[in-house]
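S.K.: Show me how the following folds:
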Amino acid sequence: MLNEILKDLAPTNTTLVAVSKTKPASSIQELYDNGQRIFGENKVQEVVWKYEELPKDIQWHLIGHLQSNKVKYIAPFVSMIHSVDSLKLLKEIDKHAQKNERVIDVLLQFHIAEEDTKFGLNLNEAHEILNSDFYKNAKNINVVGVMGMATFSPDPIQVRKEFKSLKNIFDSLQSDFFKTKNDFKEISMGMSGDYKIAIEEGSTLVRIGSLLFGRR
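M.R.: Numbering: from 1, shown residues only. Next up is the predicted model:
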């Protein structure tokens, strides 16, 4: 299945994040041996032990909701945090990145779904963060894009509409805050059931789990 997904991604600028949550290290190693290097985890405790156990050139992405008090555990090694949904969390990431003498790439998570269960900012809240004195002076975080989760729905029209809204948010932020910042380029959207629509709507990072690892 990995080769089929990579074939879908080949004509695009989209990168695969293999979502390995709840899966054993042996399953991750198998994909690693086939060339996959970027893996996504939802839980801090799980990504920490997998980091310790698996090859060190894996790029670990934290894609689940992140509590501020757990940032310290992943700050030494995490490659990207997809789920920044508050100024408080951003401050905590900056603080622990500084302690580890690192700059951590982050994505601002937006609420694009009609479901109430998803975390995320709205555009006004993002503007408040990006206009804040803290953000303007922060040295150890690097905002490189946006993330969102579509409604879990079989209706492709609704899913496409929500992905379009995230792309519009990205375009708006790029125009207002990141015109001269070439590494503000990531749109993390699309999972196993809707990644093809996400690619069509401009995704640069698709988070795929069950198609690669089977149902959880």
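S.K.: going forward, measure contacts and count neighbours with C-alpha atoms only.
M.R.: OK.
S.K.: Where does the prediction get shaky in this protein?
M.R.: For the chain, applying pLDDT under 70 flags the ranges 117-118, 216.
S.K.: separation between the residue sitting furthest away from the middle of it and Asp94?
M.R.: Within the chain, Asp133 marks the point farthest from the mean C-alpha position, 24.7 Å out by Cα atoms, centre = their mean. For Asp133, the distance to Asp94 equals 14 Å [Cα to Cα, to the nearest Å].
S.K.: so what's the backbone phi/psi at the residue farthest from the centre of the chain?
M.R.: phi -60, psi -40 (degrees, to the nearest 10).
S.K.: hang on, Lys139 in a strand?
M.R.: No - per DSSP: H, G, I helix; E, B strand; the rest coil, Lys139 lies outside any strand segment and is coil.
S.K.: ranges for the strands of the protein?
M.R.: 15-19, 38-41, 59-62, 80-84, 104-110, 141-148, 186-188, 205-208 (DSSP state E).
S.K.: Deepest-packed of these, please.
M.R.: strand 186-188 (a mean of 27; mean count of other Cα atoms under 10 Å).
S.K.: roughly how far is that strand from the heart of the chain?
M.R.: 7 Å (Cα atoms, centre = their mean, to the nearest Å).
S.K.: helices and strands around it, which ones?
M.R.: strand 141-148, helix 156-177, strand 205-208 (3 or more Cα pairs under 8 Å, 6 or more residues apart in numbering; DSSP states H and E).
S.K.: Provide the contact partners of the longest one at residue level.
M.R.: Residues outside helix 156-177 that contact it (Cα atoms under 8 Å, 6 or more residues apart in numbering) are 110, 112-113, 123, 130, 145-148, 150-151, 153, 184, 187, 189, 194, 197-198, 201-202.
S.K.: Please spell out the ChimeraX selection for the buried subset of those.
M.R.: Per 16 or more other Cα atoms under 10 Å, the buried members of the contacts of helix 156-177 correspond to this ChimeraX selection:
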select :110,112,113,130,145,146,147,148,150,151,184,187,189,194,197,198,201,202
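S.K.: Which members of the contacts of helix 156-177 occur in helices, if any?
M.R.: Leu123, Leu130, Ile197, Ala198 (DSSP state H).
S.K.: Save the helices and strands packed on strand 186-188 as TSV, and put in distance to Phe77 too.
M.R.: Converted to TSV, the helices and strands packed on strand 186-188 look like this (distance: least, Cα to Cα, whole Å):
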stretch	distance to Phe77
strand 141-148	14
helix 156-177	26
strand 205-208	20
